[in-house]
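Q: Generate coordinates for the sequence data below:
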Amino acid sequence: MSAATPAKPVEPWRQRLIRSLLYGRNVDRAAKARARVGLAMLAFASVYALIGGRLVMFAVGADAHSARRAASQEVVATARPDIVDRNGAILATDVKAASLFGEPRRIIDKDEAIELLTATVPDLDEVEVRERLSSRKGFVWLKREITSKQQQDIHKLGIPGIGFLRENKRVYPTGNEVAHLIGLVNIDNQGIAGMEKWLDNQGLADLHRAGFATDRLQKPIELSVDLRVEHALRDELSKAKEKFHAKAASGIISNVKTGEIVAMVSLPDFDPNNPKEAHDPDRINRLTTGVYEMGSTFKAFTLAMALDSGKINLNSSWDARGNLHYGKFTIHDSHSLGRFINTKEVFTYSSNIGAARIALNQGVEAHKAFLAKMGQLTRLRTELPESAAPLVPRRWGELNTVTIAFGQGLSVAPLQAVMGINALMNGGYLIPPTFMKRSEDEARAMAKRVIKQETSDKMRYLMRLNAEIGTAKSADVKGYYVGGKTGTSEKVINGRYAKKRVLNSFTAIMPSDDPKYQILVMLDEPQPLKETYGFITSGFNAVPTGGKVIERIAPLLGIEPRYDLPPADRLILAASRTTQ
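A: Numbers count the residues shown, from 1 in each chain. Below is the predicted model of the structure:
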């Protein structure tokens, strides 16, 4: 007899209802369980992947995040506006550069980190790096402005607590060309000289501190300088410095009607991309931070003073038969004429005796007042922060007037003298010089009349006459109706004037009948050459250099040549009488 099969227990109706609601009817519960396990595994995997991703982000981004936080308490090189010339050529701009920093608290093995870093970047100072990484600070700079290759090599080392921060680095595409004008910045992109420092003084430094000096908010700064003219001037001055073995050479080109400085060069100069050169004391800007006795170019002021007073005229006679003795001092001319000379000859022969007698004719107080009116006795202020005050005699007596009349005994910044000569040439208006673009209308609004129009006409006549028959003949570039005045000033060495060590200058205008530009050329201690017959005076070096400068820059400045023009007495003086 077979055994009976046990009966399957009957499921209570409540369980059947719950199972039907949860799983439905005719469902494979084993398959359902496998699906649920797979879903749970996927959910856990997603959670862990998210956590892992966040950990990676924290590991990679921790340096940058902590750097940004720490850098808020450190000086970081922020953005500066581009500086461009009057035609839009870039003179200074920002580029991005990586800087290396460390977070001492996060570095596990400092000795290993120092060894790896100094091996990768040889110019890192091991002692300095160790000192910085041993501090308790959360952030320290290790090296500013590293190369992209250095950044890649350091990144491959994978040192915890070592990172990079991208900063703005100032670069100067034109190098030495406009060094003394542009100036330079420090490692934190803050202006420390020239127009760069002027920018900070105008509020850029405040914008940096407030965090508003961004690349997008700053418009380019347009200067008055013309890079093409600057290059031509620098090139000719460099050639002259080498040819005459001069200690230094410098020059300015100025718009006489607006006061704009179109070019300014002082050699030796420096490359602002290499700031160490700027610390050389021989590389100062001689045109604004140096003060010099300007020599016979100052005779222009002496004659203008007397002509403007109405006490003398161009034909007034002056005794130049012999030396002028004043106390224990003797005033003499380079080339003694031994006769009476008129005012025109005082200028064209550059007579010290004649200039001294003219100044004495006016009197000490009148002389002093005139030079003060011409801006020669006080410090000249421009956008350039670097400026020197003139050296003025404490007690100004007759002897001072005698020597200052021909450019000795009063030292001024060359740019200061340029401003005064501009006023003698432009109709009699003293206009402050500027390195920013300025229109003639803007210039007229700030101009101050210092001499009569008639006096200005006579001075332009004398400048042109000097190029026709006087000491400026070798700068008379045909077609441009040049006028000029030479100056040879003996330098004071150990309290005495040294005859063989001179500072030569030549100031020129073009065109003389309606001057637009003034050119100043200066050579410091030029040496005699065979072709100069052993002479070192201005007419043998500064004047021909000025002529070469004029020949190159006149076309760049848009001055069209005019030929077969009448001499100065007919073109300038005759026109002056007609308009009066």
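Q: Next up, the contacts around Ser474.
A: By Cβ atoms under 8 Å, 6 or more residues apart in numbering, the contact set of Ser474 is 539, 543-544, 547. C-betas here are computed from N, CA, C, even on glycine.
Q: One more: Ser512?
A: Neighbours of Ser512 in contact, by Cβ under 8 Å, 6+ apart: 460-461, 463-464, 467, 481-483, 568, 572.
Q: could I get these as JSON lines with neighbour count, secondary structure and distance to Ala445?
A: Shown next, in JSON lines, are the contacts of Ser512 (neighbours: other Cβ atoms under 10 Å; DSSP: H, G, I helix; E, B strand; the rest coil; distance: Cβ to Cβ, whole Å):
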{"residue": "Arg460", "neighbour count": "26", "secondary structure": "helix", "distance to Ala445": "24"}
{"residue": "Tyr461", "neighbour count": "25", "secondary structure": "helix", "distance to Ala445": "29"}
{"residue": "Met463", "neighbour count": "29", "secondary structure": "helix", "distance to Ala445": "27"}
{"residue": "Arg464", "neighbour count": "30", "secondary structure": "helix", "distance to Ala445": "29"}
{"residue": "Ala467", "neighbour count": "28", "secondary structure": "helix", "distance to Ala445": "33"}
{"residue": "Tyr481", "neighbour count": "25", "secondary structure": "coil", "distance to Ala445": "29"}
{"residue": "Val482", "neighbour count": "27", "secondary structure": "coil", "distance to Ala445": "30"}
{"residue": "Gly483", "neighbour count": "31", "secondary structure": "strand", "distance to Ala445": "27"}
{"residue": "Ala568", "neighbour count": "23", "secondary structure": "helix", "distance to Ala445": "32"}
{"residue": "Ile572", "neighbour count": "25", "secondary structure": "helix", "distance to Ala445": "28"}
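Q: Checking Phe347 next. Helix, strand or coil?
A: Using DSSP: H, G, I helix; E, B strand; the rest coil, the structure places Phe347 in helix.
Q: Quick check, it in contact with Lys299.
A: Yes - if you go by Cβ atoms under 8 Å, Phe347 and Lys299 touch, sitting 6.6 Å apart.
Q: which residues are in contact with both of the two?
A: Lys485.
Q: re the thing from before, which single one of the contacts of Ser512 is nearest to Thr343?
A: Among these, Tyr461 lies closest to Thr343 (Cβ to Cβ), at 11.0 Å.
Q: Give me the subset of the contacts of Ser474 that lies in strands.
A: Counted as lying in strands by DSSP state E, out of these, is not a single one.
Q: could you dump these to TSV with pLDDT?
A: Converted to TSV, those look like this (pLDDT from 0 to 100):
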residue	pLDDT
Gly539	93
Val543	97
Pro544	97
Gly547	97
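Q: okay, these in JSON lines with neighbour count next?
A: Output for the contacts of Ser474, formatted as JSON lines (neighbours: other Cβ atoms under 10 Å):
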{"residue": "Gly539", "neighbour count": "21"}
{"residue": "Val543", "neighbour count": "25"}
{"residue": "Pro544", "neighbour count": "19"}
{"residue": "Gly547", "neighbour count": "25"}
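Q: okay, those in JSON lines with distance to Ala45 next?
A: Output for the contacts of Ser474, formatted as JSON lines (distance: Cβ to Cβ, whole Å):
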{"residue": "Gly539", "distance to Ala45": "93"}
{"residue": "Val543", "distance to Ala45": "89"}
{"residue": "Pro544", "distance to Ala45": "87"}
{"residue": "Gly547", "distance to Ala45": "86"}
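Q: how about those residues, which pair is most distant?
A: By the measure Cβ to Cβ, Gly539 and Gly547 form the most distant pair in the contacts of Ser474, at 11.1 Å.
Q: following the helix or strand bottoming out on mean pLDDT in the chain, which helix or strand shows up next?
A: Lowest on mean pLDDT, DSSP states H and E among the helices and strands of the chain sits helix 205-210, with a mean of 53. Later in the chain than helix 205-210, the nearest helix or strand by DSSP states H and E is strand 221-222.
Q: count of neighbours near the closest residue to Thr348 other than its chain neighbours?
A: Closest residue in space to Thr348, ignoring its immediate chain neighbours: Gly470 at 3.4 Å, by Cβ to Cβ, 6 or more residues apart in numbering. Applying other Cβ atoms under 10 Å, we find 22 residues neighbouring Gly470.
Q: does Gly470 really touch Phe347, like I thought?
A: Yes - using Cβ under 8 Å, Gly470 is in contact with Phe347, at 7.1 Å.
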